[in-house]
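Engineer: Give me a 3D structure for the following:
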Amino acid sequence: MGSDHCAGLVSTSLMRLDGVADVGTNIANHRVTVSFDPARTDTASLRAAIERAGYEVAALDETKPASAAQEGDVEERYLAVAGKRLWIAAVPTTAIMAIMALHMFWQPIPFYLTVVALLAFPVVFLYGGLATHRSAWLSLTNRTANMDVLISMGSLPPYLIGLVGFVYPMTSFIEMAATIMTFHMLGRYLETRAKGRASQAIKRPITMGAKTAAVLRDGAEVEVPIAELSKGDIMVVRPGAKVPTDGEIVEGASHLDESIATGESVPVEKGPGDAVIGATINKEGMLKVRATKVGAETFLSQVIRLVEEAQGSKVPIQEFADRLTARFVPAVILVSLGSFALWLVFSESLRPVLLWGAAFLPWVDPELSPLMVGILSAVAVLVIACPCALGLATPTAIMVGSGLGAERGVLIRSGEAIQTLKDIRAVVLDKTGTITQ
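Structural biologist: Numbering: from 1, shown residues only. Next up is the predicted model:
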């Protein structure tokens with residue numbers, strides 16, 4: 001899911017199923033959480049509904065959220081796909097631009113149209129282009145219009161119309177089709193990379209925890225991976241070691257560095273019966289700690305979950321942008337058709353505009369027929385008016401902002417707080433430099 005429009009499409013498709021009670025989407029981590037009645041629907045139906053909407057289900061878990069490792073794998077795979085699509089589009093398009101410059105400003109290139117058509121074909125019709133057109137088609141069949149609809153309408157007609165040049169001399173639009181698709185792939189890649197960096201920054205505290213734990217089993221000390229810890233296990237934490245998971249001290253006393261969780265730089269004294277937080281550091285003295293929370297129940301996991309929820313939450317200004325975007329795509333299509341019709345009907349009245357533009361824009365040809373000018377005008381409206389930025393600006397700002405905050409030790413629990421922060425004029429800190437409740 002690349003935007004709130006995508007998330008809305010997935011949510012609408014799932015809510016149409018019988019037995020689905022609630023759907024939650026988060027474009028920050030591409031996760032969909034569904035509450036449903038197993039007696040009336042099943043996970044296979046949920047997966048099919050998402051795939052019909054044009055999206056792939058990378059992982060599915062009926063009982064608990066995906067682990068940080070699973071989510072990391074999904075993010076890396078998503079970024080790798082976006083990068084591959086960009087390269088497949090960018091390399092041929094760069095060659096097309098170089099050949100076009102030589103053809104326009106140096107000397108005619110033999111078989112120019114054939115070369116350009118062959119280079120642009122994989123850009124427009126294969127891999128990234130195919131995924132875009134498939135998404136556009138599925139969006140239309142679901143009676144909605146997403147961003148990919150505009151990209152498809154801005155790239156397919158120019159390519160197909162450009163092929164007419166093989167039988168009738170005319171201006172080639174194939175270069176335009178390849179350029180439009182390449183810039184679309186570039187935007188997707190940059191968006192995916194920004195989200196990935198923000199998500200990794202949020203999950204970084206988890207990676208700072210211990211990887212293994214010394215546990216007492218049948219009177220013997222055994223080292224086990226953190227994932228194998230269970231509630232009630234007695235963990236041995238030596239001086240300088242990290243507490244493997246949240247728990248309660250049953251034996252020993254020490255000072256613990258809890259700065260990773262609280263921001264306090266001064267170690268806190270702990271003794272039997274006191275609660276300890278996973279990933280905090282034991283400064284001196286050996287401790288025996290009973291594990292009370294493991295996995296997604298730990299303090300750090302809960303903090304990360306709250307921040308992820310903040311990343312996926314809608315701030316007040318985003319609700320306005322969503323309403324506008326939902327009406328924007330159909331409006332753009334109407335304006336594009338209107339522009340095409342205007343150039344056909346009032347071509348002579350509008351020709352002075354072409355003459356004016358040709359004076360300082362070398363690619364403007366005032367000798368073009370009204371039909372060709374109308375097509376160019378319609379495609380320009382579709383591409384320039386694509387509302388991707390409108391739908392992505394706010395959620396991307398929240399994701400990147402909260403990610404940068406996490407890198408600097410500032411965890412933001414509410415997306416609305418970020419918007420409210422613009423009105424803050426003073427921040428009061430205590431003597432240790434931390435903000436306490």
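Engineer: CA atoms for contacts and neighbours, from now on please.
Structural biologist: Fine.
Engineer: now could you export just the CA positions of stretch 235-246 as CSV?
Structural biologist: Backbone C-alpha positions of stretch 235-246 (Å, rounded to 0.1, in the frame of the first residue of the first chain) are rendered in CSV as follows:
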residue,chain,number,x,y,z
MET,A,235,17.3,-15.5,33.9
VAL,A,236,20.8,-14.8,35.2
VAL,A,237,22.0,-11.3,34.5
ARG,A,238,25.7,-10.6,35.2
PRO,A,239,27.3,-7.2,35.6
GLY,A,240,27.6,-5.4,32.3
ALA,A,241,25.0,-7.6,30.6
LYS,A,242,21.6,-6.5,29.3
VAL,A,243,18.4,-7.7,30.8
PRO,A,244,17.0,-10.1,28.2
THR,A,245,13.3,-9.3,28.7
ASP,A,246,10.9,-7.6,31.1
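Engineer: what's the average pLDDT for it?
Structural biologist: In this model, stretch 235-246 has an average pLDDT of 92.
Engineer: in that stretch, what counts as buried?
Structural biologist: Neighbour counts over stretch 235-246 (16 or more other CA atoms under 10 Å) mark 235-238, 241-246 as buried.
Engineer: Other residues contacting that stretch?
Structural biologist: Around stretch 235-246, the neighbours that count as contacts under CA atoms under 8 Å, 6 or more residues apart in numbering are 209-216, 221, 226, 275-294, 298-299.
Engineer: Among these, which are located in helices?
Structural biologist: Here DSSP state H is the test, and those give F299 as lying in helices.
Engineer: buried subset of the contacts of stretch 235-246?
Structural biologist: Here, 16+ other CA under 10 Å leaves 209-210, 212-215, 226, 275-283, 286-294, 298-299 buried among those.
Engineer: Domain ranges for the chain, per the record?
Structural biologist: Per the record, the chain has its domains at 4-63, 70-205+313-393, 212-295, by automatic domain parsing.
Engineer: Redo those domains as CSV? Include distance to K422.
Structural biologist: CSV is the format used below for these (distance: least, CA to CA, whole Å):
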stretch, distance to K422
domain 4-63, 22
domain 70-205+313-393, 13
domain 212-295, 24
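Engineer: Looking at these, spot the one closest to E416.
Structural biologist: Closest of those to E416 is domain 70-205+313-393, at 4.8 Å (criterion: CA to CA).
Engineer: Could I get the CA-only coordinates of the strand or helix carrying G357 as PDB?
Structural biologist: Assigned by DSSP states H and E, G357 belongs to helix 347-358. C-alpha atoms of helix 347-358 as PDB (Å, rounded to 0.1, in the frame of the first residue of the first chain):
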ATOM      1  CA  SER A 347      -7.800  25.400 -32.400                       C
ATOM      2  CA  GLU A 348      -7.600  28.600 -34.400                       C
ATOM      3  CA  SER A 349      -8.400  30.800 -31.500                       C
ATOM      4  CA  LEU A 350      -5.800  29.100 -29.300                       C
ATOM      5  CA  ARG A 351      -3.000  28.900 -31.900                       C
ATOM      6  CA  PRO A 352      -1.500  32.200 -30.800                       C
ATOM      7  CA  VAL A 353      -0.700  30.400 -27.500                       C
ATOM      8  CA  LEU A 354       1.400  27.900 -29.500                       C
ATOM      9  CA  LEU A 355       3.200  30.700 -31.500                       C
ATOM     10  CA  TRP A 356       4.000  32.400 -28.200                       C
ATOM     11  CA  GLY A 357       5.400  29.200 -26.600                       C
ATOM     12  CA  ALA A 358       7.400  28.300 -29.700                       C
END
